[in-house]
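S.K.: got a predicted structure here, sequence first:
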Amino acid sequence: MEDILSEHTRNILGLQLPTDPRWVNLAEIQLEEILTDHAYCEQKAATTCISLIQKNPEKEWLVEELSPIVTEEWGHFRMVLAELKKRNLSLGRQRKDVYVNKLIEFQKKGGSPDERFLDQMLIMALIEARSCERFKRLSEGLDDEYMRKFYRKFMESEAGHYTLFITLAEHYIDKKIVRKRWSEWLEYEKELMSSAEVRGDRIH
Ligand SMILES: [Fe+2]
Ligand SMILES: [Fe+2]
């Protein structure tokens, strides 16, 4: 069953390495940490979409498509915040995001504006894809049925965002170039995931 799910996830998202199955068990015992980390992931998704709109005002279609995503990601943040409140937990401070920092290192510095734009779309697509895969794990692996359903909603939403960022990349950049760079990103992320410590207090 595990293999079928991994294959399925790979086919949808292109990810080269499924999450270590131990992760969901570690996350389950540290759900408070996961909720805090998740809250900040949603917040960063919203602010990054705002910043992409600010940096690309001439790309009208992008502005149109990303505007509602800001609202959606902020809505996700509020959903997680409400869940924390329900458990009498506070938001807590933002944690260091090793995964995203490592991805940023792979972004082209000093390339052409198109190359930089492409990497901005692909890094977002990748974060959405990996988040989606992690939410899938939680929605299938947690004992608590309510929490399984909770994460399922995020999983569906982030799958849509992954698709949108790839579509945006292909709208503005030659599809062949997008595909080539995407496979480089997937390869890099695979290496990153295989060398990263499995820790249950982070979404990534
Ligand atoms: Fe989200
Ligand atoms: Fe998202």
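M.R.: Good, I have the coordinates. Ligands and ions are numbered 1, 2, ... in the order given.
S.K.: contacts only, for Arg137.
M.R.: Neighbouring residues of Arg137 by C-beta atoms under 8 Å, 6 or more residues apart in numbering: 19, 23-24. C-beta coordinates here come from the backbone N, C-alpha and C atoms, glycine included.
S.K.: in helices, which of those appear?
M.R.: Helix and strand membership here follows DSSP state H; of these, those in helices are 23-24.
S.K.: now, which of the contacts of Arg137 sits nearest His171?
M.R.: Nearest to His171 among the contacts of Arg137 is Thr19, at 30.0 Å by C-beta to C-beta.
S.K.: from Tyr172, how far out is the closest residue to that closest one other than its chain neighbours?
M.R.: Excluding its sequence neighbours, the residue lying closest to Thr19 (C-beta to C-beta, 6 or more residues apart in numbering) is Arg137, at 5.5 Å. Here the distance between Arg137 and Tyr172 works out to 32 Å (C-beta to C-beta, to the nearest Å).
S.K.: what separates the closest residue to ligand 1 within the chain from Lys153, distance-wise?
M.R.: Minimum separation of the chain from ligand 1 (C-beta to the ion) falls at His76, amounting to 3.8 Å. For His76, the distance to Lys153 (C-beta to C-beta) stands at 9 Å.
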